[in-house]
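Peer 1: With the input below, show me the fold.
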Amino acid sequence: MKTLLVPLQNIPMMTSTLNVVVGLARRTGAYIEGFPLRFGIPPYVASELATGILLDSFEAKSEAELNDMRNFFEAFMLKHDIPRATAGSGRPCFGWLENAPEGDDFVGNYGRAFDLIVMARSDVDAPGLHRRAIESALFESGRPVLLAPLNAPPSVATNIMIHWNGSTEQARANAFAMPLLRLAKRVSVLTVIGGQEVPGPSADRIVEQLRYNDIAAEAIRVELGNRDTGEAVLDAARTKGCDLLIKGAFTRTRLRQMIFGGATSYIMEHADLPVLMAH
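Peer 2: Modelled structure (predicted):
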């Protein structure tokens with residue numbers, strides 16, 4: 001994974017997200033590109049800003065926030081010895097996208113040109129716009145998305161867990177993660193007995209596939225018990241000391257997850273380690 005896209009937002013989890021990005025870029029020798037994620041003026045707010053003076057004030061504040069995000073991003077990269085990308089620069093290195101258009105759908109559209117999109121994970125209190133931006137990346141980019149936790153681990157992708165549930169989405173996530181799986185020191189393939197699954201190959205077959213790709217892996221199984229599937233997965237990853245979880249996103253539809261809950265939604269809101277997702 002040699003190109004990483006990072007949508008910048010003015011949120012507390014941005015520092016953790018950039019720590020994860022830097023750790024990953026150092027391991028893979030990647031180019032990191034940042035851009036400001038701008039949602040624009042909601043219609044109900046625009047109606048309140050009918051006078052030119054109020055609108056000018058809002059736009060001035062927005063421009064100041066954009067400059068703050070760029071300055072924060074560039075200072076963070078330079079502080080961690082990641083240089084600006086130039087014609088002759090090595091990697092890792094970074095760049096900044098000027099004049100990114102407004103709208104959460106830009107993440108999904110522009111993300112198609114990158115190997116991986118890295119964002120802060122959602123949580124139960126996250127604004128709907130942030131959740132929509134994550135879903136745009138997952139559903140519209142055709143690329144994997146790495147969600148960073150509140151506190152970045154000291155390492156990334158050295159001890160990886162795959163949550164195998166037999167699904168197409170999980171198989172796709174596994175395929176996207178192959179470059180990282182090859183770098184890992186330890187790989188576990190988890191089955192949650194009694195958890196949400198679909199008809200598909202067993203975890204043992206996935207371990208065999210990985211071994212044919214020169215990736216040593218072990219199959220592990222845990223009982224669901226009185227837990228949500230997502231909770232069981234995170235408990236297992238925590239027990240194994242993992243620093244990356246590979247998870248297929250929304251095997252159940254988004255609507256069903258919203259109404260009934262699901263492993264993807266739980267993990268998006270509660271993960272305490274980086275999670276690579278793909279739909």
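Peer 1: Report the buried residues of stretch 107-116.
Peer 2: For stretch 107-116, burial by neighbour count (16 or more other Cβ atoms under 10 Å) applies to 107, 108, 110, 111, 114, 115, 116. Where C-beta positions appear, they are placed from N, C-alpha and C, glycine not excepted.
Peer 1: now the third one, nearest residue through space, not along the chain?
Peer 2: Using Cβ to Cβ, 6 or more residues apart in numbering and skipping residues adjacent in sequence, the residue nearest residue 110 is residue 5, 7.0 Å away.
Peer 1: Can I get the strand or helix carrying that neighbour in PDB, CA atoms only?
Peer 2: Per DSSP states H and E, residue 5 falls inside strand 3-8. Extracted in PDB, the C-alpha atoms of strand 3-8 (Å, rounded to 0.1, in the frame of the first residue of the first chain):
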ATOM      1  CA  THR A   3      -0.500   5.700  -1.500                       C
ATOM      2  CA  LEU A   4      -2.600   6.800   1.500                       C
ATOM      3  CA  LEU A   5      -5.400   9.400   1.500                       C
ATOM      4  CA  VAL A   6      -6.200  11.200   4.700                       C
ATOM      5  CA  PRO A   7      -9.300  13.400   4.900                       C
ATOM      6  CA  LEU A   8      -8.600  16.000   7.600                       C
END
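Peer 1: tell me the mean pLDDT for it?
Peer 2: Averaging pLDDT along strand 3-8 gives 97.
Peer 1: any idea which helix or strand comes after it?
Peer 2: From strand 3-8, the next helix or strand downstream (DSSP H and E) is helix 14-28.
Peer 1: Please work out the angle formed by the directions of that following helix and strand 3-8.
Peer 2: Computed by axes from the mean of the first three to the mean of the last three Cα atoms, to 10 degrees, the angle separating helix 14-28 from strand 3-8 equals 170 degrees.
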